[in-house]
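Student: predicted model and sequence below, questions to follow.
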Amino acid sequence: MTMDMKPTGLPHAAAGTEQYLSFLLGGEEYGVDIKKVQEIKGWDTVTRVPYSPAYVLGVINLRGSIVPVIDLRLRFSLEKVPHDATTVIIVVHVPGDRGERTVGMVVDAVADVYDVANANILPPPESLGAVEKVFVRGLANQDGKMLILIDVDGLVVSSVDGASQAAA
Amino acid sequence: MTLDLEMEEIIKVFFEESFECLDAMESGLLTLDTTADRETINTIFRAAHSIKGGAGTFGFMEIAEFTHSVETLLDEMRNGMRAVTPDAVQVLLQSVDVIREMTQSAQAKQPILTVGADALNGELARILAQKNVVAAAPITDTAALPAAAAPVPPKSAPQAPGNVAVTSISGWRIHFVPELTLFETCNDPMRIFAELAGLGRLDVTAHTDRIPPLPTLDATHCYLSWTLVLHGAIEQARVIEVFDWVETVSKISYEPIYLAPDAGVPSAVGAGAAAPVAARPAAAAEPAAAPAAPLVVAKAGSDAGSIRVATEKVDALINLVGELVITQSMLGRFAEKYDPEDLESLRRGLIQLARNTRELQESVMQIRMLPIGFSFNRFPRLVHDLSRKLGKKVELKLCGENTELDKTVLEKIGDPLVHLVRNALDHGMELPDKRLAAGKSETGTLELNAFHEGGSIIIEVKDDGAGLNKARILAKARERGLVEPDEQLSDEQIYNLIFVAGFSTADTVSDLSGRGVGMDVVRRNINDLGGHVQIFSNEGVGSTIRIRLPLTLAILEGQVLRVGKEIYVASLVSIIETVQPTREHLSSVAGRSELFKHRDSYLPIIRLHDLFDIEPDTRDIAKGLLVVVESDGRRVSILVDELLAQQQVVIKSLETNFKHVPGLAGATIHGDGTVALILDIPGLIHNFLERQSGRIELAA
Amino acid sequence: MAVTILAVDDSASMRQMVSFTLKHAGYTVVQATDGVEALEYARANLVSLVLTDVNMPRMDGITLVRELRQLDTYKFVPMLVLTTEAGQDKKMAGKQAGATGWLVKPFNPEKLLATIAKVL
């Protein structure tokens, strides 16, 4: 099951607002800039890659491209859950040194698309650890619930580039 | 501003043209060494001339000035006024290099340095000052080597007077008597008078004394003549300039008119008298040049981002895609209507699909293929310069320039080849007298040969020089501690010693290749491309270096293998063989390294499951399989659980979206759609051995 | 009626430079890469002015001028030779062949336009 989320079919956000795709993870709702979302995939066989931290599950074949997959539960230090047919992978593309790179993120479920006014975004609270601050852009109050906005670029860089286990 | 953009585009064309001209000059100059052919010299001259003209027009004055000096020498040569000497050719070749550098600076919008040009100007002047072989006709070119940066429009050579102070002149009386044929060149006196009138007040008096009776009057002739009085303190040169074009077809005299009231008669300064009577004898018109044979200049694909493809290759591709579409629609029928009876048709369809895919793949690979001539074409110049520098006589032979290989491989094999050629010339080739003493011809031969063999391309660098001195190499190796005193080595192993970093038997370090930094890099570069290099040598007779490279980097002949639940692919090129080890052949040293006795040597064992943290089928080596692999002359064995198929795999990058992982060379899509990782055998071996011994291992 | 100039030079950048300058001054420009092409064009078409380089393969500028003067239609068309030679011999050869005058390279656009204005 693949849903192409390219913005062509979606109504454009009003000025001063950004559109976010939200997903559920461990009881919280998170949002990612929809312009960075390439597609939403179902679970796929992942090939393990050595010398990677536990949250980098490995790589998958996405229409001929080798795409790494990050388990966000493990990345956010939440309890691990087994992956099955209902598991969802959000595929994002972010800028990198060599041009754009494509990365998959495993989440619990995809929720909705929100228009978030930039004015409504609060800075991340101090209580967040240094690690999390890298990829949390801020908090948004959306229809009474709190949406944690993710900085996808920062998340990918810190998860893929920043991390590597020493060779055995 | 579109105007500026247009100019930018035109200037880009100028740069392209200039580089082509420079290449043509170089090729031409290289052939001048052997045959001083009239047409070739002309072509070289025209190329320089073209660069000079363009450079001046587009404002690159340093280039224009220097090229002018070069052109002067070439002009003398093409007019037969100066012989073509090796010395002159060498200076000209160096000049081409300098012009090329200057043009590159201009193209990169950087300041043009004239250091090289200044140095060579001295050399050019020296040659030009030498007595000519042929009695020189007076050079009519009045333009001296220009010193000024700005273009100075040269004034015509008039009967210029001495410096008459302009302030004392109040005007000019000009007698203008054109020849009857003035109109034939579309020169109109009215135009001239209008220009003069622009300089000052002009009085014109026409003389009709030459007009013949009507019956004999030819309407196309100019019978009139004029006396013109131009008022104003105007420089004679400026006045003369107006008559530039008609000067040779007229009688013109210029009389200055002075202010001095007591002068009485307007004094005619001596030199201002009679202008040239008739047109000067015109120099022989430019001989119509015979069509020059186009000097084919191959441009190496230096632009990594694009490829020029022959249309035939694209057409072939289109045809194959067409066949694929047909096969696909044929197979598509089965999806709609599956008839178990028709299994035979389905099978045939699939075979056809396999064939279409294979042909399509081969055709696409062809597109990235370029002839190795693109890399070979730098060698004539290199060998020419180098042999001169070393004082050796060498003839270069190139074979198989049309042999094609992958563009990326081609780009990366260039530097290693250069190093091998330099090495052959420097160390392999003997000096002429030594060759004669050895009963060889004075001129040595260096051959570059390329051909296809199996799925690879073979490139040979062959010289008929001194060959490798085994004893010296062995001695040096023992001296360096690379080889044990009593260790016996095969010829091949001895030759391979020269690939070790820092190894060099050159007594004096020549600045070219004696430092020994090169050969290890050469081998590593070749290995990185998935290739091998071998040395064959015969002392006193010569050496051959043989490089084997894969035709393409995108596809790998691979051995699929399994460790635990994980699938990996290893390049077949690296695999020597796979064995089922027996316990007697296994041993361990100091409880640290495990060794496998393979034939006559002990190979370290790499436990891949350990390295990659995989749960294997078995940890007992005797129950598994050992894959013996080799890279850089070093062999190890890798423990795996099972060997699967041998197949061609498409190499995909891990770094595009992920990053480089030590021990892996990339990834590929397995038949079932999942990803299989490709092992980096050279990397694995290197890292493993380094870790084991704590130092860099040397050739065994 | 448009004033057409025939510009002949084997160097593409020079041709384009001349063409660019002249077009922006309002002239119509026809380009030819050497004397042979120019002569072929001239046999079938009339222009107001011919501007030709001297050093070209196949047929040089001087020969072109001489050939053009043989054509009835081109007897009274002004022709200028573009030469980098400051030497008399090229200028003389040009005149001998029938050229109206010359223009020495390198020239700047102003000089080119001023010179052309003199003959047109």
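Tutor: All right, it came through fine. Numbering: from 1, shown residues only, chains lettered A, B, ... in the order given.
Student: show me the helices in chain A, by range?
Tutor: In chain A, the segments counted as helices under DSSP state H are A:72-75, A:130-133, A:152-156.
Student: and among these, the most buried is which?
Tutor: Sort these by mean neighbour count, taking mean count of other C-beta atoms under 10 Å in any protein chain shown, and helix A:152-156 sits at the top with a mean of 21. For the C-beta atoms, the positions are set from N, CA and C on the backbone; glycine is no exception.
Student: hmm, back to that, hey, least reliable of the helices of chain A by pLDDT?
Tutor: Least confident of the helices of chain A, judged by mean pLDDT, is helix A:130-133 with a mean of 65.
Student: tell me who's in contact with residue 120.
Tutor: With no chain named, the answer covers chain A. Applying C-beta atoms under 8 Å, 6 or more residues apart in numbering or on different chains to A:N120 gives the contacts A:A140, A:N141, A:Q142.
Student: chain B, not that one
Tutor: B:F66, B:V91, B:Q94, B:S95, B:V98.
Student: then B:Q580?
Tutor: Contact partners of B:Q580, counting by C-beta under 8 Å, 6+ apart, are B:L625, B:L626.
Student: look up phi and psi at B:D87.
Tutor: Main-chain torsions, B:D87, degrees, to the nearest 10: phi -60, psi -50.
Student: any of the contacts of A:N120 buried? List them.
Tutor: A:A140, A:Q142 (16 or more other C-beta atoms under 10 Å in any protein chain shown).
Student: from the contacts of A:N120, which is closest to chain B?
Tutor: Chain B has its nearest neighbour among those in A:A140, at 28.9 Å by C-beta to the nearest C-beta.
Student: name whatever forms a beta bridge with the closest one.
Tutor: Counting by DSSP bridges, A:A140 forms beta bridges with A:I121, A:L147.
Student: for it, give me its contacts.
Tutor: Neighbouring residues of A:A140 by C-beta under 8 Å, 6+ apart: A:Y20, A:G31, A:Y114, A:V116, A:N120, A:I121, A:L122, A:M146, A:L147, A:L149.
Student: tell me the pLDDT at the fourth one?
Tutor: I take that to be A:V116. Model confidence at A:V116, expressed as pLDDT, equals 89.
Student: residue ranges in chain A under the pLDDT threshold?
Tutor: Along chain A, the model assigns pLDDT under 70 to residues A:1-14, A:98, A:128-131, A:162-168.
Student: chain A: strands as residue ranges?
Tutor: Taking DSSP state E, the strands of chain A run over residues A:2-4, A:17-25, A:28-33, A:37-42, A:56-62, A:65-71, A:88-96, A:99-107, A:109-117, A:121-122, A:136-142, A:145-150.
Student: which one, of those, ends up nearest to C:A7?
Tutor: Closest approach to C:A7 among these is made by strand A:99-107 (44.4 Å; C-beta to C-beta).
Student: which strands and helices sit next to the closest one?
Tutor: If contacts are counted by 3 or more C-beta pairs under 8 Å, 6 or more residues apart in numbering or on different chains; DSSP states H and E, strand A:99-107 sits against strand A:17-25, strand A:56-62, strand A:65-71, helix A:72-75, strand A:88-96, helix A:152-156.
Student: what strands flank the third one, and is each parallel or antiparallel?
Tutor: Neighbouring strands of strand A:65-71 in its sheet, by DSSP bridges, are strand A:56-62 (antiparallel), strand A:99-107 (parallel).
Student: quickly compare these and say which is most buried.
Tutor: Each of the strands paired with strand A:65-71 was scored by mean neighbour count; the highest is strand A:56-62, a mean of 22, by mean count of other C-beta under 10 Å.
Student: that one: how far from the chain's middle?
Tutor: 14 Å (C-alpha atoms, centre = their mean, to the nearest Å).
Student: before we move on, what about stretch C:75-92?
Tutor: Worked out by C-alpha atoms, centre = their mean, stretch C:75-92 lies 9 Å from the chain centre.
Student: kindly report the same for stretch B:544-561.
Tutor: Its chain's C-alpha centre and that of stretch B:544-561 lie 26 Å apart, by C-alpha atoms, centre = their mean.
Student: how long is that stretch end to end?
Tutor: 36 Å (C-alpha to C-alpha, to the nearest Å).
Student: verify the stated contact: B:N527 with B:S631.
Tutor: Yes. With contact defined as C-beta atoms under 8 Å, B:N527 counts as touching B:S631 (6.1 Å).
Student: who touches both of the two?
Tutor: Counting by C-beta under 8 Å, 6+ apart, the contacts common to B:N527 and B:S631 are B:P682.
Student: pLDDT score assigned to B:A466?
Tutor: So, for B:A466, pLDDT stands at 90.
Student: next: B:A289.
Tutor: 32.
Student: hang on, the earlier thing: closest to chain B out of the helices of chain A?
Tutor: helix A:152-156 (9.5 Å).
Student: same for that closest one, what does it pack against?
Tutor: With contacts taken as 3+ C-beta pairs under 8 Å, 6+ apart, helix A:152-156 sits against strand A:88-96, strand A:99-107.
Student: go with 6 Å
Tutor: strand A:88-96 (3 or more C-beta pairs under 6 Å, 6 or more residues apart in numbering or on different chains; DSSP states H and E).
Student: any residue of the strand it packs on touching chain B?
Tutor: No. Judged by C-beta under 6 Å from any C-beta of the partner chain, strand A:88-96 and chain B are separated, with a smallest distance of 8.1 Å.
Student: buried ones in that strand?
Tutor: A:V88, A:I89, A:I90, A:V91, A:V92, A:H93, A:V94, A:G96.
Student: which residues does stretch B:43-57 contact?
Tutor: For stretch B:43-57, the external contacting residues (C-beta atoms under 6 Å, 6 or more residues apart in numbering or on different chains) are B:14, B:18, B:21, B:24-25, B:28, B:63-64, B:67-68, B:70-71, B:74, B:78, B:151, B:292, C:11, C:13-14, C:17, C:55, C:84, C:105-106.
Student: filter the residues you listed down to the buried ones, ChimeraX style.
Tutor: Only the buried entries of the contacts of stretch B:43-57 go into this ChimeraX selection, using 16+ other C-beta under 10 Å:
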select /B:14,18,21,24,25,28,63,64,67,68,70,71,74,78,151,292 /C:11,13,14,17,55,84,105,106
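Student: run the chain-centre distance for the one helix or strand B:M102 maps to.
Tutor: Using DSSP states H and E, B:M102 sits within helix B:86-107. Relative to its chain's centre, helix B:86-107 lies at 14 Å (C-alpha atoms, centre = their mean).
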